[in-house]
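Novice: kindly return the folded structure for what I paste below:
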Amino acid sequence: MHAFEWFAGHATRGAGSPIAFASAVGVVLLWAVTGPMFDYSETWQLVINTATTIITFVMVFLIQQTQNKDSLAVHLKLNELLASHRHASSRLVAIEDLDEEDLKKLAAFYRQLSELAERESDIEETHGLDDALQTHVAKQEARHDLEEEIAAELDSKARKDRRPDDAV
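Specialist: Below is the predicted model:
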């Protein structure tokens, strides 16, 4: 398996190089120039069609293998950053293993969190998921406490206004 990984990595990097691009353009130009020599025959057309089909078919698997490996490496690096940063939520480690429905719920939560942050804080201020949620909950509790305090004060004032005067 290591030989395949090595080959796939080198083939993918090679295919993305300027030399590979120039070679591909050169082959297509050579094929086009030879058209009159072969009287634009079906065989002449079949050569380029077959070659490009085979190359494309093989490259799909080579590129996919390299992409899978690179994606796994990036996920591991991100997991390390999430695990090591004290403000980051460890709940996000390995979220790539969640199903699509759970990822959509998490994305909706982050959209909501973004909207809260946009309304309630400076654009340059950042928070981890847990910090932002705790801050939001604390703000909601503070507002609720203030509303209760105001309601109690209004209620107390209303009761005083309803009492008969003690003065004779």
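Novice: hey, let's count contacts and neighbours off CA atoms from now on
Specialist: Will do.
Novice: any idea how the chain splits into domains?
Specialist: 1-84, 95-168 (automatic domain parsing).
Novice: buried set for stretch 14-26?
Specialist: The neighbour-count check on stretch 14-26 (16 or more other C-alpha atoms under 10 Å) flags Ala15 as buried.
Novice: swap in stretch 98-114?
Specialist: For stretch 98-114, burial by neighbour count (16+ other C-alpha under 10 Å) applies to Leu113.
Novice: pLDDT of that stretch, averaged?
Specialist: The average pLDDT for stretch 98-114 rounds to 86.
Novice: run through the protein and note the low-pLDDT ranges.
Specialist: Filtered on pLDDT under 70, the chain yields the residue ranges 120-132, 135-136, 163-168.
Novice: go again using 50 as the cut-off
Specialist: The chain contains residues with pLDDT under 50 at 168.
Novice: which stretches in it count as helices?
Specialist: 2-15, 18-33, 42-84, 100-120, 129-162 (DSSP state H).
Novice: quick one: work out the angle between the shortest one and helix 18-33.
Specialist: What it means is helix 2-15. 70 degrees (axes from the mean of the first three to the mean of the last three C-alpha atoms, to 10 degrees).
Novice: okay, the angle between helix 2-15 and helix 42-84?
Specialist: Computed by the same axes, to 10 degrees, the angle separating helix 2-15 from helix 42-84 equals 110 degrees.
Novice: mind listing what's buried along stretch 66-80?
Specialist: For stretch 66-80, by 16+ other C-alpha under 10 Å, it's 66, 75, 79.
Novice: ok, back up a step: how about CSV for the helices of the chain, with distance to Ala94 added?
Specialist: Formatted as CSV, the helices of the chain follow (distance: least, C-alpha to C-alpha, whole Å):
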stretch, distance to Ala94
helix 2-15, 23
helix 18-33, 36
helix 42-84, 7
helix 100-120, 11
helix 129-162, 15
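Novice: between these, which one is nearest to Val93?
Specialist: helix 42-84 (5.0 Å; C-alpha to C-alpha).
Novice: and that closest one, what does it pack against?
Specialist: If you count contacts as 3 or more C-alpha pairs under 8 Å, 6 or more residues apart in numbering; DSSP states H and E, helix 42-84 packs onto helix 2-15.
Novice: what does the helix it packs on contact?
Specialist: 20-21, 59, 62-63, 65-66 (C-alpha atoms under 8 Å, 6 or more residues apart in numbering).
Novice: if I look at Ala22, how far off is Gly16?
Specialist: 11 Å (C-alpha to C-alpha, to the nearest Å).
Novice: tell me which two of the contacts of helix 2-15 sit farthest apart.
Specialist: Maximum distance among the contacts of helix 2-15 (C-alpha to C-alpha): 21.0 Å, for Phe21 and Gln65.
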